Structures are given as structure tokens and as C-alpha cells.
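**Student:** After the sequence you'll find the predicted model.
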Amino acid sequence: MSQLLTNSIPRLMLLCLLVSTMTATACAQRVANPEGENKVVPAPINAQGVLWRDISQKVDAKAKYLFYLHGAIVENEGVNAVSPRFGAYEYEQILNTFVNKGFVVISEPRPRGTNIEKYAAKVVGQVSDLLKAGVPPQRITIVGGSRGGQIAIATPTLLKNKDVNFAVIASCSNGYFYNHFPVNLYGNVLSVYDYKDDTGAGSCQRFFDKASGLNRRKEVELKVGLGHGIVFHPLKEWVDLVVDWANQS
């Protein structure tokens, strides 16, 4: 009996030492986190970026935010829209391309018949939420293709911020919207279109000329040859321009 007790003493000492160490560690964690183990710590935004549908997440003021506004065909046919002329509208691929560039991408499929000015006002509200959360305006970029580009053009007119970035892809035309909406560009505006676009979407120069709040501005005519089809795909030719534009500030 005494021999058994003698052999058990070292094991008991080791167990006591282990329990003491674990208790001390737990105490140290509670001191470091006084709200307890149930506190939710938001995960940091990783290098690959993330995708949001709205500003409903915790905002990281150090992240770069990119709104993507799709073309009209997605409104009419949904996220799997296919054009007989230009092929599939690669909505999800476009989003993932910008996510993989490290942006917090904010986008949603708009419902059929969305009013351009009303939706632009919604984007203004989302941008305002980011600004109120401490995000510098230079870290916010609104990108729109075709009809989405019209929303992207209406947004700076309503927002009137000289430091937010905008990229308009194949969007400027002489259509109904531009004949009825008083465009007045603000901020840093990039315009991109393809030289073979026969839909009327071309240069934004006339809007640049009368703008009262522009900071940086640039226009690029691509020689891809896909015409209006450039907005359907995450082409390197325009994606790289947008990423460079967003990262200049």
C-alpha cells in the first residue's frame, strides 16, 4: 500500500502542475478579453477580399471598397443572363475577379425595371454609411457597366464628393436617361469603352466638359473589338484599368 502511494505521488504532482498551468492560462485569457468567451471577434478581411450584398457587415476603415453595378440584361433575365450576340453575362466571374484583387465588393442583382436615379440614391446612402464609419473616400470605388454605368454616373451627381472613385464602362450615350437627368460629375472618374461599340455607348467627354466637381479624370478607348460586349466579361483590358484607378489614391 505504501509502495503504491509512493509511486502515485509523482503522477499526482504532474497532474496538479498541469491543472495549475491551464487555470493560469484561462485566467490570462479572461483578463485579455474581459467580456468573456462569448465575445464575437470579427474576422479580418483577407488578401482575397470579400463579397457583400449590402453594408450590413462590420466596416474596416482600412479596406478598399468597390461597388459593382451590372448591365440591364441581368435586371431582365437574372444572374445567368445570356445575350444572343455577346454571350453569357459573367456577373459572378466579374465579382470574383474584383474580390480576388483584394476589394470588399458590394453588389446585388437589381430587380427588373429598376429606376436609375432611385438606385443611385441607394448607392449614395451606402457610400455615406462607409464614410460615416471612417472609410476615406479615396478607398471607395463605384464601377458600372452599360445601364449600371448610368447609375454610376448618376451617383456622383447626387453624392457630390470630390474624392470618391468612379469607373464607367461602355455607358455614356445620347439615350433617354442622359436627356432627362442633369449629369454633373464629381470625384475621380474613369471612362472606358470599345471602339467598335455600335449601341451608342462611347465617349463621356461632354460630361467631363461641363462637370463642376471633378478631381482626376481619364478616358480610354479600347481596341478589343467586342463592342458593347466588353461589359459582359471580366476582361483584363478594362479590369486592370479599374483596379489601377481605384488604387491610385
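**Tutor:** Ah, there it is. Numbers count the residues shown, from 1 in each chain.
**Student:** Tell me where the protein has helices.
**Tutor:** Listed in chain order, the helices of the chain (DSSP state H) span 2-32, 72-77, 91-100, 116-132, 147-159, 176-180, 205-210, 236-247.
**Student:** Identify each buried residue in the shortest one, please.
**Tutor:** What that stands for is helix 176-180. Of the residues in helix 176-180, 177, 178 count as buried by neighbour count, 16 or more other C-beta atoms under 10 Å. Using the backbone N, CA and C atoms, a C-beta is placed for each residue, glycine as well.
**Student:** average pLDDT across that helix?
**Tutor:** When the per-residue pLDDT values of helix 176-180 are averaged, the result is 86.
**Student:** could I get that helix in CSV with only the CA atoms?
**Tutor:** Listed next in CSV are the C-alpha coordinates belonging to helix 176-180 (Å, rounded to 0.1, in the frame of the first residue of the first chain):
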residue,chain,number,x,y,z
TYR,A,176,-33.3,58.9,-72.7
PHE,A,177,-31.7,58.9,-69.3
TYR,A,178,-29.0,61.4,-70.3
ASN,A,179,-31.5,63.7,-72.0
HIS,A,180,-33.5,63.9,-68.8
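**Student:** Where does the prediction get shaky in this structure?
**Tutor:** Within the chain, the ranges that satisfy pLDDT under 70 run 1-48.
**Student:** Break it into its domains for me.
**Tutor:** According to the domain assignment given by automatic domain parsing, the chain is divided into the following structural domains: 1-36, 50-247.
**Student:** Go through those domains and pick out the most buried.
**Tutor:** domain 50-247 (a mean of 19; mean count of other C-beta atoms under 10 Å).
**Student:** what about that domain, start to end distance?
**Tutor:** Domain 50-247 stretches 17 Å from its first residue to its last (C-alpha to C-alpha, to the nearest Å).
**Student:** Determine how far that domain lies from the middle of the whole chain.
**Tutor:** Taking C-alpha atoms, centre = their mean, to the nearest Å, the mean C-alpha location of domain 50-247 is offset from the chain mean by 10 Å.
**Student:** and residue 213, how far is that from residue 160?
**Tutor:** When C-beta to C-beta, to the nearest Å is the yardstick, residue 213 and residue 160 sit 6 Å from each other.
**Student:** List the residues that are in contact with both of the two.
**Tutor:** With contacts taken as C-beta atoms under 8 Å, 6 or more residues apart in numbering, the residues that reach both residue 213 and residue 160 are residue 186.
**Student:** How about the contacts made by the closest residue to residue 199 other than its chain neighbours?
**Tutor:** With sequence-adjacent residues excluded and distances taken as C-beta to C-beta, 6 or more residues apart in numbering, residue 199 is closest to residue 228, at 4.6 Å. Neighbour list for residue 228: 86, 146, 170, 194, 197, 198, 199, 201 [criterion: C-beta under 8 Å, 6+ apart].
**Student:** hmm, try it at 10 Å
**Tutor:** Residues near residue 228 by C-beta atoms under 10 Å, 6 or more residues apart in numbering: 71, 83, 85-86, 145-146, 169-170, 193-194, 196-201.
**Student:** What about the residues you listed, which are in strands?
**Tutor:** By the criterion of DSSP state E, membership of these in strands covers 83, 145, 169, 193, 194.
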